[in-house]
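Trainee: return a 3D structure for these sequence lines:
(chains A, B and C)
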Amino acid sequence: MHNQNLQLTADGRLKHFLTIEGLSAEILTEILDTAESFESMPKGVKKYPLLQGKTVVNLFFENSTRTRSTFELAATRLSAEVLNMDIARSSTSKGESLLDTINNLEAMNVDMFVVRHDQSGAAHFIAQHTSPHISIINAGDGQHAHPTQAMLDMFTIRQHHRDFSRLKVAIVGDVLHSRVARSQIQALNMLGVKEIRVIAPKTLLPAQIESLGVKIYLDMAEGLNDIDIIMMLRLQKERMNSAFLASESEYYKCFGLTEERLRLAKKNALVMHPGPINRGLEIASAVADGKQSLILQQVHNGIAVRMAIMSMIIQPEQA
Amino acid sequence: MHNQNLQLTADGRLKHFLTIEGLSAEILTEILDTAESFESMPKGVKKYPLLQGKTVVNLFFENSTRTRSTFELAATRLSAEVLNMDIARSSTSKGESLLDTINNLEAMNVDMFVVRHDQSGAAHFIAQHTSPHISIINAGDGQHAHPTQAMLDMFTIRQHHRDFSRLKVAIVGDVLHSRVARSQIQALNMLGVKEIRVIAPKTLLPAQIESLGVKIYLDMAEGLNDIDIIMMLRLQKERMNSAFLASESEYYKCFGLTEERLRLAKKNALVMHPGPINRGLEIASAVADGKQSLILQQVHNGIAVRMAIMSMIIQPEQA
Amino acid sequence: MHNQNLQLTADGRLKHFLTIEGLSAEILTEILDTAESFESMPKGVKKYPLLQGKTVVNLFFENSTRTRSTFELAATRLSAEVLNMDIARSSTSKGESLLDTINNLEAMNVDMFVVRHDQSGAAHFIAQHTSPHISIINAGDGQHAHPTQAMLDMFTIRQHHRDFSRLKVAIVGDVLHSRVARSQIQALNMLGVKEIRVIAPKTLLPAQIESLGVKIYLDMAEGLNDIDIIMMLRLQKERMNSAFLASESEYYKCFGLTEERLRLAKKNALVMHPGPINRGLEIASAVADGKQSLILQQVHNGIAVRMAIMSMIIQPEQA
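Mentor: A predicted model of the protein is given here:
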């Protein structure tokens, strides 16, 4: 489809990384394998020359210290030059259009844009309008996709379960507003997990979510039964006391992941969260900091996975 | 004169780059030639060791993502360390004077300041008060000068017209408030263009502008006639509906560069703009994105020209 | 004691640098000697490979351009990668706790945190909660300590007076709110100065300050008599016209360091200030810019001293 073509070169290699949609299991697995090779290097080796002489622009229209930092570290460890652009404070405030901003940056001879934007489709739009030698990574666009987060989640899962086909995974929380959930569902499906469940209150479920290949549960006890991996979503507090949600305590009572609830899943079920976590809102501290939690491992893996994606999309330029 | 002495070493080499005023055609040409040598390097070569071990401070009292980015890229590609100082958020807010800020930075063993300030003369003031081993580049001071912008404009013109002496150039728009226009006029004159015209409404013309060696036109049709290069200026929207200007649509009707108007200039006349552009205010989108537009090429050339200036002013230190 | 253990490895080497309290004269002297070795390198040598492959995070919860810049330059000149984290704009604004922020950064495989925080004890808290391979430097915590400032002050003093045991030092101004004063007093005592005096209005003296081993003076003339080193403190203007202070002019009249007052100290007494200075409030311009002032030398020495501390605390990792 459209996205697939845009993301791939004529010979099927990764050119941009905008969405999981349309990518093959082979490409997803290549990302995971490449990330693994970075992770398994001898301790002390932190820097690789793969992006030497390349300039990566962190183009953040939306603030995110964590995501920007991991991209900056990933690029630096691949020996790239990094230019951080905080666009809230830039020419867009002088009334310049997104396309003009991009065209100007492109004219500065850069090689890769890492884009975060609060509007769905921004990364695609940029990929459609930049010259062929520039690669785009989507670092989160509106409520659409956050594919590098999904891939680091897959990488983290694979560190514990080599065979995706045996896994039952539950995604819990505000699926409606979550770009992370969309990308996770696509990746889990493509990598062939046995079952994906979505557990959420009705008001936080997108219409026709079943069409993505998931089962809906409105109840944690039912939904967590027999589950191997629990992927919690962050709840935006600003949605509380709105049409979506009754109250914080009400939400926690029904959908918060407590130690007690965690026991409803499979023994040793793993707990994930894209962060930053809301302790006592969607997850209990005892669970977030507990033995089954992979939350900090996810952050850690973010570097290797982003290095993998960066090194893969930059390859075609050098040929 | 004063500026000339301040900018040059005893043996006539460039020491600071504060203004075009007082610089010889030889030095301007040396900047263009040096920039050309950076531009003509084989693709893939991006980094030069010329500023290795040097520390460049981007000292921006006024925000400008585009200009700061090109200076950061230029310094990085010359292998300098770059320290970005966003002064709006710094000690000046604790009541420290400009001179104290400068003295403190100087004490940190840095080699070059790239200064943008909203007050005319700030870069000169700093150059007068720093120790001999430090070089200053003016990245725009108040309504006074923006000499690196003028030099990248000259470089862009020379890529298309090797012989300046045959060119008729028109500068269009808010000359009154433009530091760019002042620097452009000085550079064009020193490089020996045949004729410089300024086209603007009366309210946007500085007093005694003719003394700079330009001809005044209050009408686009007359002013553009027989012109080779049209240099548009950015219009500050905040000046609209003031004593200076009637309205946006009125301005565009009289001084906006439309496709129709562009045909009043010489065939294949080139269009330039320092950016960021106001589409539909001072320039039509069809012109900005059209074949005769050099706008993005200007941005691109900004890197090589700034590299050239940085490498020239740092030379005397090493001797 | 507690702090001592936390800062030192089992074999007594520096592991974190959180406070002067509990550090031996040997370690303080090692810092000064190491800084001296960086200062005495041949001109032109600016970069050392000691932190190659290490990632230093500048974690500033409180803004400070000067301190952040010197840490950034120090880390860069030791060949470290530097990640600047402006936490005011980060996830803490999404409600994340300090510990979660730290744990997340730690998961990114970084080696050192340089922490500035407006709450006393923040750096200690972080040191207590990070993994063993991470080192913490306190770049100022609340009203508690600013130990790198104290060490660069000691270094600056030693450049002029090799023997601390002969020196009489006066610390002047807002001791009550000063993290700098606390660290200075501890360092001066440990290095064995002859006498430390504190000169301040009663309202700006902490309770039981004498227990730190200082003599109190409420009068400049008495306090400055026979003094070798005058260490001025910055006065927070926001404390003026409050319960603490009558007015700016009243304060300057009683405690401002004028040329006249300076003559009350020993001939050639040296004047120091951690900056940024308030000219005409706590210090006269003629004194700040005069021959006896070491203020800019302090800033200059900040780089070498911070390089020394960084290189010392990173050593244990490599063993």
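Trainee: so who does the nearest residue to A:Gly280 once chain neighbours are set aside touch?
Mentor: In space, and not counting its chain neighbours, A:Gly280 is closest to A:Tyr252: 6.5 Å by CB to CB, 6 or more residues apart in numbering or on different chains. The way it works is simple: take the backbone N, C-alpha and C, and place the C-beta from them, glycine included. Contacts for A:Tyr252 (CB atoms under 8 Å, 6 or more residues apart in numbering or on different chains) come out as A:280-282.
Trainee: mind giving me the PyMOL select for the residues you listed, buried ones only?
Mentor: The PyMOL command for the buried members of the contacts of A:Tyr252 (criterion: 16 or more other CB atoms under 10 Å in any protein chain shown) is given here:
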select buried, chain A and resi 281+282
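Trainee: inside helices: which ones of the contacts of A:Tyr252?
Mentor: With helices defined by DSSP state H, no entry of the contacts of A:Tyr252 lies inside them.
Trainee: could I get the contacts of A:Tyr252 as CSV with pLDDT?
Mentor: Output for those, formatted as CSV (pLDDT from 0 to 100):
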residue, pLDDT
A:Gly280, 93
A:Leu281, 92
A:Glu282, 95
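Trainee: report pLDDT for whichever residue of chain A sits closest to chain C.
Mentor: For chain A and chain C, the shortest gap (CB to the nearest CB) falls at A:Thr65, measuring 3.4 Å. Reported pLDDT at A:Thr65 in the predicted model: 77.
Trainee: can you get me a residue count around the closest residue in space to A:Glu72 that isn't next to it in sequence?
Mentor: Distance criterion CB to CB, 6+ apart; nearest residue to A:Glu72, sequence neighbours excluded, is A:Val82 at 5.3 Å. Residues within reach of A:Val82, counting by other CB atoms under 10 Å in any protein chain shown, total 22.
Trainee: doesn't A:Val82 belong to a strand?
Mentor: Yes. Assessed with DSSP: H, G, I helix; E, B strand; the rest coil, A:Val82 lies in a strand.
Trainee: quick check, it in contact with A:Ala74.
Mentor: No. Contact criterion CB atoms under 8 Å: A:Val82 and A:Ala74 do not qualify, at 9.4 Å.
Trainee: stretch A:205-214: end-to-end distance?
Mentor: End-to-end distance of stretch A:205-214 (CA to CA, to the nearest Å): 12 Å.
Trainee: can you list the buried residues in that stretch?
Mentor: A:205-206, A:209, A:212, A:214.
Trainee: next up, phi/psi of the residue nearest to A:Gly280, please.
Mentor: Backbone torsions for A:Tyr252, taken as degrees, to the nearest 10, come to phi -60, psi -40.
Trainee: quick one: it from chain B, how far?
Mentor: Separation of A:Tyr252 from chain B (CB to the nearest CB, to the nearest Å): 38 Å.
Trainee: check A:Leu176 too.
Mentor: 34 Å.
Trainee: now A:Leu262
Mentor: Using CB to the nearest CB, one gets 44 Å for the distance from A:Leu262 to chain B.
Trainee: quick check: that residue touching A:Gln292?
Mentor: Yes. The criterion here is CB under 8 Å, and A:Leu262 meets it with A:Gln292 at 6.7 Å.
Trainee: shared neighbours, the two?
Mentor: Common neighbours of A:Leu262 and A:Gln292 (CB under 8 Å, 6+ apart) are A:269, A:271.
Trainee: higher neighbour count, the two?
Mentor: Using other CB under 10 Å as the criterion, A:Leu262 and A:Gln292 rank with A:Leu262 on top: 20 against 15.
Trainee: show me the domain layout of chain A.
Mentor: Listed domain ranges for chain A are A:2-146+A:301-318, A:161-293 (source: automatic domain parsing).
Trainee: switch those over to TSV; also include distance to C:Glu30.
Mentor: TSV is the format used below for those (distance: least, CB to CB, whole Å):
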stretch	distance to C:Glu30
domain A:2-146+A:301-318	25
domain A:161-293	38
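Trainee: what about the closest residue to A:Arg158 other than its chain neighbours, how many neighbours?
Mentor: Spatial nearest neighbour of A:Arg158, excluding adjacent residues (CB to CB, 6+ apart): A:Leu32 at 5.8 Å. Using other CB under 10 Å, A:Leu32 is surrounded by 21 other residues.
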